[in-house]
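**Student:** any chance you can model this:
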Amino acid sequence: MGQLIACATAEGVLVASDSRALFFEPHGEERLITIERLVPVTSHAVLASAGNWEAQDICQDFAGFAKSEGLTDLEALIEAAIPFFTSRYDEILRRMCEKLPPDPIINMYLLLAGYSTTTPGQPGHLFVIWDRPQPPKIEFNRVTEVFTLPRRMGLEFTLNELVKKKAPLAEVVDAAKSGMAKMAQQDHSIGPPYHYVTITAQGIQGL
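**Tutor:** Now for the predicted structure:
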């Protein structure tokens, strides 16, 4: 699964991830691999992937699509993302059904995070995109301030408290780093390198 952490504040957005994923060999063997979970889509938006390792390729493809279509506004990006990922999801299902039993489970989870000057009161935006197996469908939900995947309620509480007291974005980053380090000690599926990206009026920093 890997680990995603996201937090939207009045100053900007933090998106954090590990880089470890589970890969299944053709004959069913499992091994851990390193992937890039964070993909820049525009100067002020990134896609983060969790779930199956194939999601990183889908994120790269969407970034290329957004660039070719000249999409920069966050609302335009999320509107385009759902039909785009639905099409790619169908392709993956067909490909997997050639090798695996019918109705394979993909478990695709994506996070679109960005900064928008059109909403000065809350410039940071988080959209969670996922697949619903039965019937197969891509859906999304807007997250107000804090999101972790897998869910980490203790860390979410800490980040929410920082948002409430309007803590600097740098303090939010420090809390995410501390939380990631603690989780990595307890869960071998979380592994380095770790990435902590901020998105502010100046754009993406940390990639």
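**Student:** CA atoms for contacts and neighbours, from now on please.
**Tutor:** OK.
**Student:** how is the most centrally placed residue in the chain assigned, secondary-structure-wise?
**Tutor:** By C-alpha atoms, centre = their mean, the chain has its centre lying nearest to A48, at 2.6 Å. Recorded secondary structure, A48: strand (DSSP: H, G, I helix; E, B strand; the rest coil).
**Student:** in contact with T9, which residues?
**Tutor:** By C-alpha atoms under 8 Å, 6 or more residues apart in numbering, T9 lies in contact with 122-124, 145, 163, 166, 169.
**Student:** mind listing what's buried in the worst-scoring helix or strand of the chain on mean pLDDT?
**Tutor:** Between all helices and strands in the chain, the lowest mean by mean pLDDT, DSSP states H and E belongs to strand 20-24, at a mean of 75. For strand 20-24, the neighbour count (16 or more other C-alpha atoms under 10 Å) marks 20-23 as buried.
**Student:** just checking, what packs against that strand?
**Tutor:** Judged by 3 or more C-alpha pairs under 8 Å, 6 or more residues apart in numbering; DSSP states H and E, the packing partners of strand 20-24 are strand 30-34.
**Student:** just checking, next helix/strand downstream of the strand it packs on?
**Tutor:** Downstream of strand 30-34, the first helix or strand assigned by DSSP states H and E is strand 38-42.
**Student:** A8: how many residues sit nearby?
**Tutor:** Counted with other C-alpha atoms under 10 Å, residues neighbouring A8 total 29.
**Student:** can you check the one 10 residues further on too?
**Tutor:** Here the number of neighbours of D18 (other C-alpha under 10 Å) works out to 25.
**Student:** how about the strands in the protein?
**Tutor:** Listed in chain order, the strands of the chain (DSSP state E) span 4-8, 13-17, 20-24, 30-34, 38-42, 45-51, 108-115, 124-132, 137-143, 146-149, 195-200, 203-205.
**Student:** let's have the ones you listed in CSV, adding distance to Y89.
**Tutor:** Shown next, in CSV, are the strands of the chain (distance: least, C-alpha to C-alpha, whole Å):
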stretch, distance to Y89
strand 4-8, 21
strand 13-17, 23
strand 20-24, 18
strand 30-34, 22
strand 38-42, 18
strand 45-51, 13
strand 108-115, 9
strand 124-132, 8
strand 137-143, 8
strand 146-149, 20
strand 195-200, 26
strand 203-205, 28
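**Student:** could you tell me the least trusted of those?
**Tutor:** Lowest mean pLDDT of these: strand 20-24, a mean of 75.
**Student:** tell me the angle it makes with strand 45-51.
**Tutor:** Interaxial angle, strand 20-24 versus strand 45-51 (axes from the mean of the first three to the mean of the last three C-alpha atoms, to 10 degrees): 50 degrees.
**Student:** what pairs with strand 20-24, parallel or antiparallel?
**Tutor:** Strand pairing for strand 20-24, using DSSP bridges, gives strand 30-34 (antiparallel).
**Student:** what residues of the strand it pairs with count as buried?
**Tutor:** So for strand 30-34, nothing qualifies as buried (16+ other C-alpha under 10 Å).
**Student:** understood, closing this out.
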